[in-house]
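# When you get a sec, could you give me coordinates for this:
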Amino acid sequence: MACVVKASFFHLALIGDERYLAMKRRFAHITLVTEARLLVSAALAWLLSIILGITFAVDETLYATINFISLSIASIVYCHVACRLP
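Predicted structure coming up:
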């Protein structure tokens with residue numbers, strides 16, 4: 001059940017990012033957001049939520065470490081994209 005909840009949060013974040021790009025880069029949105037990229041993003045969201053679910057079942061300290069690393073990577077990617085957009 002927790003895996004589904006995490007995947008839902010990841011998908012909400014992806015939807016927010018897609019809408020942000022749609023508003024910030026209206027004319028480039030068609031080339032930036034493709035069906036292939038959306039499918040890969042959705043698959044990665046599910047994969048990350050499954051990995052986090054497995055690590056929580058195995059070891060809680062490993063779960064905290066991977067959760068921290070994944071949040072750090074997400075923050076870095078967000079800042080990188082936000083700084084590149086005019």
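# where in this protein is pLDDT low?
1, 75, 78-86 (pLDDT under 70).
# where do the helices sit along it?
2-24, 29-32, 35-58, 60-84 (DSSP state H).
# Turn these into JSON lines, columns for mean neighbour count.
C-beta: built from backbone N, CA, C; applies to glycine. Shown next, in JSON lines, are these (neighbours: other CB atoms under 10 Å):
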{"stretch": "helix 2-24", "mean neighbour count": "14"}
{"stretch": "helix 29-32", "mean neighbour count": "11"}
{"stretch": "helix 35-58", "mean neighbour count": "14"}
{"stretch": "helix 60-84", "mean neighbour count": "11"}
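# From Leu21, how far off is Lys6?
Remark: distance between Lys6 and Leu21 (CB to CB, to the nearest Å) = 23 Å.
# and Val33, what does it touch?
Residues near Val33 by CB atoms under 8 Å, 6 or more residues apart in numbering: 18, 21-22.
# what's the closest of the residues you listed to Ala42?
Glu18 (11.0 Å; CB to CB).
# What sits closest to the closest one if chain neighbours are left out?
Val33 (5.8 Å; CB to CB, 6 or more residues apart in numbering).
# so what's the backbone phi/psi at the one you found?
The phi/psi pair for Val33 (degrees, to the nearest 10) reads phi -100, psi 100.
# Adding distance to Tyr63, write the contacts of Val33 out as a markdown table.
Putting those into a markdown table (distance: CB to CB, whole Å) gives the following:
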| residue | distance to Tyr63 |
| --- | --- |
| Glu18 | 28 |
| Leu21 | 31 |
| Ala22 | 34 |
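# Can you tell me which of those is nearest Thr61?
Distances from Thr61 to these, taken by CB to CB, are shortest for Glu18, at 33.9 Å.
# and the gap between Glu35 and Ser41?
Taken as CB to CB, the span from Glu35 to Ser41 is 11 Å.
# List the residues that contact Ala45.
Neighbour list for Ala45: 7, 10-11, 14 [criterion: CB under 8 Å, 6+ apart].
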